[in-house]
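Trainee: sequence? don't have it. structure:
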């Protein structure tokens, strides 16, 4: 009788933990749990390809990945490690000399990837000025 009671309690605890996990996390995968919301965004009067190239050169970040989507007039610069995207800048060409940009940083259990949002925003502002390499 005691073994039956213990088995029933164990099943109830397991079912409770499973229900809790689905309630908190739903059916979200790993990437959805660490989703990114743009922290900084803006528009620059520079071609999106030139702006992305200039920012990538100025960041000089180890592990920086460039993803180019020419049919969508979009470029993404990101830093990934171990299946987690820590940082992302997206450039979207809205006109021949106009680019919408956004900077996103993932907050992990260890905190945000330190300093990259500010460093990226500074690089974007420098690259968007008329005297920068991106402006030519």
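Mentor: Happy to help now that I have it. Note that the structure is predicted; figures quoted are calculated from it, not measured.
Trainee: quick one: name whatever helix or strand follows the lowest-mean-pLDDT helix or strand in the chain.
Mentor: Considering only helices and strands, the least confidently modelled element of the chain by mean pLDDT, DSSP states H and E is helix 30-33, at a mean of 41. Following helix 30-33 in sequence order, the next helix or strand is strand 38-44 (DSSP states H and E).
Trainee: which parts of the chain belong to which domain?
Mentor: 1-30, 34-127 (automatic domain parsing).
Trainee: neighbours of residue 80, just the number please.
Mentor: Around residue 80 there are 14 other residues, counting by other Cβ atoms under 10 Å. For glycine as for every other residue, the C-beta is placed from the backbone atoms N, C-alpha and C.
Trainee: flag the shaky bits of this structure, pLDDT-wise.
Mentor: Scanning the chain for pLDDT under 70 picks out the ranges 1-38, 107-114, 131-136.
Trainee: the same query, at a cut-off of 80, please.
Mentor: Along the chain, segments meeting pLDDT under 80 span 1-39, 80-86, 106-117, 130-136.
Trainee: where do the strands of this protein begin and end?
Mentor: Listed in chain order, the strands of the chain (DSSP state E) span residues 38-44, 64-69, 74-81, 84-95, 98-105, 107-108, 111-112.
Trainee: mind putting those into a markdown table with distance to residue 126?
Mentor: Conversion of these to a markdown table gives the following (distance: least, Cβ to Cβ, whole Å):
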| stretch | distance to residue 126 |
| --- | --- |
| strand 38-44 | 11 |
| strand 64-69 | 17 |
| strand 74-81 | 15 |
| strand 84-95 | 14 |
| strand 98-105 | 13 |
| strand 107-108 | 26 |
| strand 111-112 | 22 |
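Trainee: need the winner for burial among those strands.
Mentor: Burial among the strands of the chain, expressed as mean neighbours by mean count of other Cβ atoms under 10 Å, is greatest for strand 98-105, which shows a mean of 21.
Trainee: give me the phi and psi angles of residue 128.
Mentor: Reported as degrees, to the nearest 10, the phi and psi values for residue 128 are phi -90, psi 0.
Trainee: burial check on it, number of neighbours?
Mentor: As a measure of burial, residue 128 has 21 neighbours, counting by other Cβ under 10 Å.
Trainee: relative to residue 86, how far out is the closest residue to it other than its chain neighbours?
Mentor: The shortest distance from residue 128 to any non-neighbouring residue, by Cβ to Cβ, 6 or more residues apart in numbering, is to residue 44 (3.7 Å). To residue 86, residue 44 is 23 Å away according to Cβ to Cβ, to the nearest Å.
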